[in-house]
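[1] Provide a 3D model corresponding to the input given below.
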Amino acid sequence: MNAQLRRLAALLLLPVIAACSGGPTVVPSGCVTTGAPGGASPGCANPSSSAAPTKLVVGLGYIQSIQFAPFYLARQKGYYSAAGLDVTFQNGNDDTLVTLVGQGAVDIGLADGTSVIPAVANGVPIRYVTTIYAKFPNIVFTKASSGIKTVADLKGKKLGTPGKYGSSWIMLQAMLGSVGLKPSALNIQLYPDYGQGAALAQGAVDAATGFVNNEPVQLELSGTPATVIAVDAILPLPGNGLIAGVDTLRDKHVALKAFVAATLHAMADITADPNVAIDASIAQAPNLATADKATMLAILKATVAIWSSDYTAAHGTGAIDRTAWQKTADFMVGLKDGTVASAPPIDKLVDDSLLTP
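    Here you go, the predicted structure:
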């Protein structure tokens, strides 16, 4: 997601808002079912190992944020350690993260499909291995009082966005194209400092791009009803998920599989009761200690809502929709903006071997 992931993390009302696969893997007791027919969480194994923990470096984004609650909870509750893992979280620039994962300097990290596709097309050896956000988080939002309810209603309106790049720009083009519009049909206002949400709140623009678990939540908390326009029904862009390097997938397959299972376990815990993640997240991410808990909980609930989709309901939490990936790759090639000259084969983009029993 390029610079927009940094914006999401920074605006969440927070301060500023892993080796060899040898040996048995231990996964926490009570592994959750994924929703797939007869499916226990991938990587569930009999807990027995005397081997030293496998170290994994996990890239989570720019700064500590409640959106990473499943990872914090899994470590706080001992799911990773019970799986024989010694997990270290690393925060940093999303652009750099994709490169580091490809190099193997970071074992596994978060990125969305619109970042993975151009990276792979340009030779970065990574694969998307687990869906976390089953719905695309980037959205267009407005005040409910604006009267804007559909994509077609955006014609001629002022819309704020950070720039003509990244996942929000791709999302916007998909939306507009679905009703025969081009960005030129709108009055696009650029906010390279990511101030488009504040601009909308102040009435400087009619609509803005943002994240469904961020700006609209804050707008609602301020007492202003919001309208959200999502892209999923128009083009199922792949949302944020776990990525790993090709060599890491080969060399640390068992450890990564256990990591995915433990993370899905924590996601199930939070889905059942988001409250369980607040104190656990603060314990694992001290920068969250000064954030308002009610606001964090509202943001977390909005985040949980995009962890599932019709596809994951049918195929299991974490499942990768290859058809959606193909449609997105084809769309990005069709933009002819030089980012993706030709679509890589799906097997070069995704690898669901960590999700198999």
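[2] now do the helices in the stretch 101-250 of the chain.
    For the stretch 101-250 of the chain, the helices defined by DSSP state H, counting those that start in this stretch occupy 113-121, 166-178, 196-201, 215-221, 246-251.
[3] show me what the second one is packed against.
    Contacts of helix 166-178 with other secondary structure elements, assessed using 3 or more CB pairs under 8 Å, 6 or more residues apart in numbering; DSSP states H and E, are made with helix 3-10, helix 113-121, strand 138-143, strand 158-161, strand 207-211, helix 322-334. Placement of C-beta: from N, CA and C, glycine included.
[4] coming back round to it: single out the most deeply packed of the helices of the stretch 101-250 of the chain.
    Between those, helix 113-121 has the highest mean count of neighbours, a mean of 25, where neighbours are mean count of other CB atoms under 10 Å.
[5] now do that helix: distance to the chain's middle.
    Distance, stretch centre to chain centre, for helix 113-121: 14 Å (CA atoms, centre = their mean, to the nearest Å).
[6] same question for stretch 295-309.
    In this view, stretch 295-309 has its centroid 12 Å away from the chain centroid, taken as CA atoms, centre = their mean.
[7] coming back round to it: which of the helices and strands packed on helix 166-178 has the lowest mean pLDDT?
    Of all those, the minimum mean pLDDT falls on helix 3-10 (a mean of 42).
[8] export the helices and strands packed on helix 166-178 to CSV and tack on distance to Ala258?
    Listed next are the helices and strands packed on helix 166-178 as CSV, based on distance: least, CB to CB, whole Å:
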stretch, distance to Ala258
helix 3-10, 26
helix 113-121, 23
strand 138-143, 31
strand 158-161, 40
strand 207-211, 30
helix 322-334, 24
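[9] pick the most deeply packed of those.
    Per-stretch averages of neighbours, counted by mean count of other CB under 10 Å, single out strand 207-211 among these, with a mean of 28.
[10] nearest to Ala280, of the helices of the stretch 101-250 of the chain?
    Comparison of the helices of the stretch 101-250 of the chain against Ala280 by CB to CB identifies helix 215-221 as nearest, at 20.6 Å.
[11] which strands or helices does that closest one pack on?
    Of the remaining helices and strands, those touching helix 215-221 by 3+ CB pairs under 8 Å, 6+ apart are strand 138-143, helix 196-201, strand 226-229, helix 293-304.
[12] same thing but 6 Å
    Of the remaining helices and strands, those touching helix 215-221 by 3 or more CB pairs under 6 Å, 6 or more residues apart in numbering; DSSP states H and E are strand 226-229, helix 293-304.
[13] rounded mean pLDDT for that helix, please.
    Here the mean pLDDT over helix 215-221 is 96, rounded to a whole number.
[14] tell me where this structure is predicted with low confidence.
    Per-residue confidence of the chain (counting by pLDDT under 70) places the weak regions at 1-50, 93-94.
[15] try it again at 50.
    Low-confidence segments of the chain, defined by pLDDT under 50, span residues 1-48.
[16] give me the domain ranges for it.
    According to automatic domain parsing, the chain is divided into the following domains: 3-135+238-355, 138-229.
[17] Tyr80 is nearest to which of the helices of the stretch 101-250 of the chain?
    Counting by CB to CB, and looking across all of the helices of the stretch 101-250 of the chain, nearest comes helix 246-251 at 16.7 Å.
[18] can I get that closest one as PDB, trimmed to CA atoms?
    Only the C-alpha atoms of helix 246-251 are listed here, as PDB (Å, rounded to 0.1, in the frame of the first residue of the first chain):
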ATOM      1  CA  VAL A 246      10.100 -17.700  -1.900                       C
ATOM      2  CA  ASP A 247      13.300 -18.900  -0.200                       C
ATOM      3  CA  THR A 248      11.800 -18.400   3.300                       C
ATOM      4  CA  LEU A 249       8.700 -20.400   2.300                       C
ATOM      5  CA  ARG A 250      11.000 -23.300   1.300                       C
ATOM      6  CA  ASP A 251      13.400 -23.100   4.200                       C
END
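[19] which secondary structure elements does the helix or strand just after it sit against?
    Next along the chain after helix 246-251, taking DSSP states H and E as the criterion, comes helix 253-272. Secondary structure elements in contact with helix 253-272, counted by 3+ CB pairs under 6 Å, 6+ apart, are helix 69-76, helix 79-82.
[20] let's go with 8 Å and repeat that
    The helices and strands touching helix 253-272, judged by 3+ CB pairs under 8 Å, 6+ apart, are strand 54-61, helix 69-76, helix 79-82, strand 85-91, strand 126-131, strand 241-245, helix 276-284, helix 293-304.
[21] one step back: how about the helices of the stretch 101-250 of the chain in a markdown table, adding distance to Ala261?
    Rendered in a markdown table, the data for the helices of the stretch 101-250 of the chain read as follows (distance: least, CB to CB, whole Å):
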| stretch | distance to Ala261 |
| --- | --- |
| helix 113-121 | 22 |
| helix 166-178 | 28 |
| helix 196-201 | 36 |
| helix 215-221 | 30 |
| helix 246-251 | 15 |
